Structure formats: structure tokens, C-alpha cells
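S.K.: my questions are about this predicted structure, shown below with the sequence.
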Amino acid sequence: MGIKNIAILTGGGDCPGLNAAIRAIAKTAMYDYGWNVIGILDGYQGLISGKKRNLKPADVSNILTLGGTILGTSNKADPFEKSVSGAEILSKSVLENLDKWEIDALFCIGGDGTNTVANKISKVWPNIIGVPKTIDNDLLCTDQTFGFDTACAFVTESLDRIHSTAQSHHRAMVIEVMGRYAGWIALAGGLAGGGDVILIPEIPFKWEAICEAINRRSRIGKRFSIVVVSEGAHPAGEKMVVRKLIKDSPDPIRLGGIGQVVADRIELETGIESRVTVLGHLQRGGSPSFFDRILATKYGVAAVRMAYAGKFGTMAAMREGRMVPVSLDEVTAGLKLVKENDELVVAAKSLGTSFGV
């Protein structure tokens, strides 16, 4: 049976490029294949509660440059319930809504959490295609997720601005960035923004190494330092700093607060006045960069063509610049983390950047 109706949802945290991906999926489906397009509102929450809107060409015009998502999103709803025996079962309302709306293919745009849920749904209702988005860039099997480039550009611009106040006041400026368990944003943004110390989850740091890096700069006449800290960074042998837990979320842990811990310790150990800036959700907002607009568009078009070819249970991925389908089982097998021999790490070390080890 051919495809007539498709649905799109965006899950997890918002990020630049979501609307570009929605636009690409919807327009390709409408113009190339004549399919009807439904937008599910607020991610999996809307799939459970039955909230949706029909999308026409006019609805996806002029959204390419917009940040956020016109469909809304949620990182709390889980469409799976626990049975009496403890087994996970797909919510009855999800299957009822997909059947009622006569959906032939469901496109789930999101990060590892969204794609993990999509993979679980595909075991019960198979016509699923994933589309990779996250500023964290931590999805396996794809070279880069959309949202990452825009986030790193914002971090870089922020570091440019922080440099001037750090120089003026002769301070150690600590900038905490997002990334969860992966250090890609801190690494790429820190390298592009001239960070003197970069702390990432994959390389647990030592306090004495950080303080020595700051003191060494002081000894050679450098009267300020820029420290870029990923929210998941932590001292060797210690746990990550958890800001809060979100009830009913598939991924309940919210990291945050390590930046203040680092700033306080630097000031205590070195005597150098230290300040922390938490960039927070500013990294997820705003208009997508040129690169993210193109990348999100390529992912969206590829995802629709994969559905047309019947390649369900997969995610559109970029490998060496080419769009290819990859099994959701592979995508959700773990996280793409920074390796100590990554080219960006090697480059940063060659420039004298400390990783606190």
C-alpha cells in the first residue's frame, strides 16, 4: 500500500533548524509525492493526547529562518506505560491516534531521547523515520546534527565578548555551556573562541592542573584567562553536578552548576578574581546558521525519500557528506562522545589549551 498521509513531530529540547527540517519534510512530501501532511503538536505529548494540525504549503512558508519549532515540543512525555508485570507497553492512545488520522509514516525529529522512543515505537508500529537534531552533537552514526553549528557560533561570539571584560578586569572568566554528557560544544566553541582551559565530560579534570594553567598564564604576563566548561564536566573520581530532576521524563537528569564550582575553586586556589557566565538556553535559541539551514533541509528531504523507498525503522544520517539511512537500533546504542585523540582535542593542545589534566 502506498503512502497517502504522513505526520511530523519534534521532540526534546528546541534548537535552531527545526523549522527548516519541518519545512523540508512537508514540502518534499507535498510537492514530490502528493502526500497529506499532519503536524503533531508538542512532541510525543501530542501523539498521546491527540493534538495535531493539518499542514498546507502556506503553513510551512516563511519558517526557514525561524528558531524553535512551529509544532511545539516536549521532553517530558513518554508514550510507553508500565504493565502490571513491569514490561513497557505502548500507550493505547498512540496507536488509536495514528489509526484515526490514517498515518502511513511518522517522522520524529529529535536527539537521542526522541530517537530512542521512536525506535521503541517502531517495534510495535514500524513506519517510523528519525531525523537527527541536537545542539549537543552527541548522536551516533551521523557526522553532525543540525543545531550544533548555530550553538557553537553563539558560544564563539559570547567568548569574543567575554574576552574584552576579562582583559579589562584581569579576571578568570568561566563560561558554562550545554552539551550534557558530551563535550562537543565546549570543545568546538572553546577552540573557536580562544579558550585557555576547556573542560569536557570525557576528560575528567584535576583541580591542581586547572589552577596551574591559570597561574602559568599569570607568570608569563597574561593577566586574564578564559575557561570554557561543559555542563557535564567533572573532577576525576567525582560525579557530575546535577541541577535538578524532571519527573515523568524519559531523560530526567538536568545537569548544571559546575561553572560556579570551577570559578569558586579557581579564585580560592589562585587568588585571581573569577566570574562565571552560564550561557544556558541562549545556545538553543535564535535563527539557524547558514550551515544548519542547509543541513536540516538535506535531512528532511532525505527522510521523505527514505520513507518513499520503504526504509522504515531508520534515521536519516550524514556520513562523509552523503545522506544515508541508518538503523535506529544503531543510532540509539549509545552516545557519540569526544575521544581524547579527536582532531579538535589535538589541535587545542597544540595551541597550549589546557584540559585540566
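M.R.: Good, I have the coordinates.
S.K.: in a helix, that's where Pro262 is, yeah?
M.R.: Check again: residue 262 is Val, not Pro. Yes - the assignment for Val262 is a helix, going by DSSP: H, G, I helix; E, B strand; the rest coil.
S.K.: how close does it get to His169?
M.R.: Going from Val262 to His169 by CB to CB, to the nearest Å gives 18 Å. For the C-beta atoms, the positions are set from N, CA and C on the backbone; glycine is no exception.
S.K.: could you do Arg319 as well?
M.R.: As judged by CB to CB, Arg319 and His169 stand 46 Å apart.
S.K.: just give me the neighbour total for Val227.
M.R.: 28 (other CB atoms under 10 Å).
S.K.: I figured it hits Val197, correct?
M.R.: Yes - Val227 lies in contact with Val197 (CB atoms under 8 Å); the separation is 4.3 Å.
S.K.: just to revisit the earlier point, so which of Val262 and His169 has more stuff around it?
M.R.: Taking neighbours as other CB under 10 Å, Val262 and His169 compare with Val262 leading, 26 against 12.
S.K.: same for the helix or strand bottoming out on mean pLDDT in the chain, what does it pack against?
M.R.: Every helix and strand of the chain was ranked by mean pLDDT, DSSP states H and E. The lowest is strand 80-82, at a mean of 79. Other elements packing on strand 80-82 under the criterion 3 or more CB pairs under 8 Å, 6 or more residues apart in numbering; DSSP states H and E are strand 88-90.
S.K.: how about the strand it packs on: buried residues?
M.R.: Within strand 88-90, the residues that qualify as buried are Leu90, counting by 16 or more other CB atoms under 10 Å.
S.K.: what's next to the following helix or strand past it, contact-wise?
M.R.: Scanning forward in sequence from strand 88-90 by DSSP states H and E, the next helix or strand is helix 92-100. Here helix 92-100 makes contact (CB atoms under 8 Å, 6 or more residues apart in numbering) with Ala7, Leu47, Ile48, Ser49, Gly50, Lys52, Pro79, Leu106, Ile121, Val124, Trp125.
S.K.: which of those sit farthest apart?
M.R.: Lys52 and Val124 (19.7 Å; CB to CB).
S.K.: who's more crowded, the two?
M.R.: Taking neighbours as other CB under 10 Å, Lys52 and Val124 compare with Lys52 leading, 21 against 13.
S.K.: who's in contact with that one?
M.R.: Lys52 neighbours (CB under 8 Å, 6+ apart): Ala7, Ile38, Gly39, Ile40, Leu41, Gly46, Asn97, Trp101.
S.K.: okay if I get those residues as CSV plus secondary structure?
M.R.: Shown next, in CSV, are the contacts of Lys52 (three-state DSSP):
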residue, secondary structure
Ala7, strand
Ile38, strand
Gly39, strand
Ile40, strand
Leu41, coil
Gly46, helix
Asn97, helix
Trp101, coil
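S.K.: surely Ala26 and Ala58 touch.
M.R.: No - between Ala26 and Ala58 there is no contact, the gap being 10.8 Å when judged by CB under 8 Å.
S.K.: neighbour count: those two, which is higher?
M.R.: Between Ala26 and Ala58, counted using other CB under 10 Å, Ala26 has the larger neighbour count: 26 against 7.
S.K.: now Ser327: closest residue in space that isn't a chain neighbour?
M.R.: Thr314 (5.8 Å; CB to CB, 6 or more residues apart in numbering).
S.K.: and the helices in the stretch 101-250 of the chain, which stretches?
M.R.: Taking DSSP state H, counting those that start in this stretch as the criterion, the stretch 101-250 of the chain contains helices spanning 112-122, 148-169, 184-192, 207-219.
S.K.: now distance to Leu344 and mean pLDDT too, for those helices, in CSV please.
M.R.: Below are the helices of the stretch 101-250 of the chain laid out as CSV (distance: least, CB to CB, whole Å; pLDDT from 0 to 100):
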stretch, distance to Leu344, mean pLDDT
helix 112-122, 21, 95
helix 148-169, 11, 95
helix 184-192, 5, 99
helix 207-219, 18, 97
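S.K.: please identify the most buried of those.
M.R.: Across those, averaging neighbours per residue (mean count of other CB atoms under 10 Å) puts helix 184-192 on top, at a mean of 26.
S.K.: any idea what the residue nearest to Ser327 is bridged to?
M.R.: Ile129, Ser327 (DSSP bridges).
S.K.: quick one: it from Met323, how far?
M.R.: Computed as CB to CB, the Thr314 to Met323 distance reads 11 Å.
S.K.: now swap in His163 and tell me
M.R.: Following CB to CB, the distance that separates His163 from Met323 is 38 Å.
S.K.: remind me which residues of the stretch 151-300 of the chain are low pLDDT?
M.R.: 248-250 (pLDDT under 70).
S.K.: how about 90 then?
M.R.: Under the criterion pLDDT under 90, the flagged ranges of the stretch 151-300 of the chain are 167-170, 243-254.
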